[in-house]
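In: Need a 3D model of the sequence below.
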Amino acid sequence: MNQIANPHDKFFKEMLSQPEAARIFLRDYLPSAVSAELDLTNLQPVKDSFIDDALQEHFADLVFEVALRNRGRAYVCILFEHKSYIDSLAALQVLRYMVHGWGYSLRQHARLWPVIPVIIYHGVARWTLPQNFQAMFDLPASLQPYVPEFHYILSDLSAYSDEEIKRTAELGVGLLLLKHIFRPDLRARLPEVLALWYTMRQQEHALGYLEAILRYAISAGQSITVEDIRTSLADMVVEGDALMGTIAQEWLKEGREQGLQQGLQQGLQQGLQQGMQKGEVFGLRRGLLDGIELALELRFGVEGLRMLPEIIKIEDVGVLKAVHEGIRTVTRPEELRQIYQADSA
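Out: Below you'll find the predicted structure:
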């Protein structure tokens, strides 16, 4: 499987790759009528990806097999759409994923198993798109039978309070961080996230999870610094806790911040390349927009993402290419705005 360059996808996958966290999510965040049909006591991850390289750029590719109560087997697919703006093609992307899932079930089991698509969204604005596929079309009733119809399950984290998200540490730590990653209050929320992690610190995978939390916060969070991490860790350490003392010291090592900044630059480069690769599959303009979105997020955080509504309106591929290349060299979002305003004039 190709490495997922986007930090949101990577963190999401690390969070939900633990079956217990996935089980809690399916129990607490799916519609009750759906979760009641699933035997969550025997949730099994599907290790082999059944999607192509293009789709792996859109989804974290987390797939779990779960039994239906008294009705055989099914796939539950956990799909993650990390875009910070509303993506009008999300339902189409999900449909492609489902088709690949059905092909996989035919190859492996010689029968069709249902695929339940779930999108977890944590962007700044509320998700307002309809969750059914036919809503993408403006059709008379006579033509509707010739267009597939399905619904995906949407979990918009902005619709949940922090207290609701924090019900279970195993899942709540990651969801709380995802919810606030684009928000200006992330620095104030970071001690709360780490305190919730502290309650599960004795679990086998807890240290790896903490590393993922810290790296995600500093690479994708708005204005989060190594000093913020150090302060939050220091506040969490209690007397006699040798483990946490060691972790705090590790994050004080000289050069850690420089290493993280190098990682951000590598992520920016990968994001720009990823956008061009997407252009070959979804059209050049679409690929450029996806690459620009990721690069803006990595380079400037929320301030950069606020430019997306303006950039999305640009139809000229040449101008988008100039913006795409300009992200490498500009130091402020306003400098990038000057590029596309000048080219559009």
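In: only C-alpha atoms for contact and neighbour calcs from this point on.
Out: OK.
In: Show the end-to-end separation of stretch 155-175, please.
Out: 11 Å (C-alpha to C-alpha, to the nearest Å).
In: hmm, who's touching it?
Out: Residues outside stretch 155-175 that contact it (C-alpha atoms under 8 Å, 6 or more residues apart in numbering) are 12, 15-16, 20-22, 24-25, 29, 118-124, 126-127, 176, 179, 193-194, 196-197, 199-200, 213.
In: Which members of those residues are positioned in strands?
Out: Val118, Ile119, Ile120, Tyr121 (DSSP state E).
In: Please verify my assumption that the second one contacts Ile153.
Out: Yep, that's Ile119 we're talking about. Yes - contact criterion C-alpha atoms under 8 Å: Ile119 and Ile153 qualify, at 6.2 Å.
In: So if I had to pick from the two, which one is more boxed in?
Out: Ile119 (21 against 18; other C-alpha atoms under 10 Å).
In: Would you mind measuring from that one to Leu38?
Out: From Ile119 over to Leu38 (counting by C-alpha to C-alpha), the distance is 18 Å.
In: tally of neighbours for the closest residue in space to Leu296 that isn't next to it in sequence?
Out: Spatial nearest neighbour of Leu296, chain neighbours left out: Gly304 (5.0 Å); criterion: C-alpha to C-alpha, 6 or more residues apart in numbering. Burial of Gly304 is recorded as 20 neighbouring residues (other C-alpha under 10 Å).
In: Which is the succeeding secondary structure element to the host helix or strand of Gly304?
Out: For Gly304, the host element (DSSP states H and E) is helix 302-305. Following the chain from helix 302-305 toward its C-terminal end, the next helix or strand by DSSP H and E is helix 308-312.
In: returning to that earlier point: list buried members of the contacts of stretch 155-175 by neighbour count.
Out: With neighbours counted by 16 or more other C-alpha atoms under 10 Å, the contacts of stretch 155-175 contain buried members at 12, 15-16, 21-22, 24-25, 29, 118-124, 127, 176, 179, 193-194, 196-197, 200, 213.
In: Just the ones of those residues in helices?
Out: Taking DSSP state H as the definition of helices, the buried ones among the contacts of stretch 155-175 contribute 12, 15-16, 21-22, 24-25, 29, 176, 179, 193-194, 196-197, 213.
In: Now for those residues: which two are most distant?
Out: The span of these, defined through C-alpha to C-alpha, is set by Tyr29 and Leu194 at 22.4 Å.
In: His109: which of the ones in strands among the contacts of stretch 155-175 is nearest?
Out: Nearest member of these to His109, counting by C-alpha to C-alpha, is Val118, at 22.9 Å.
In: Can you verify my assumption that the closest one contacts Tyr152?
Out: Yes - using C-alpha under 8 Å, Val118 is in contact with Tyr152, at 5.9 Å.
In: This structure - how does it break down into domains?
Out: The chain breaks down by automatic domain parsing into domains covering 7-159, 169-253, 264-344.
In: now the longest one: mean pLDDT?
Out: I take that to be domain 7-159. Across domain 7-159, pLDDT averages out at 83.
In: Could you number the chain from 23 rather than 1 from now on?
Out: Renumbered: residue one is now 23, and that last one reads domain 29-181.
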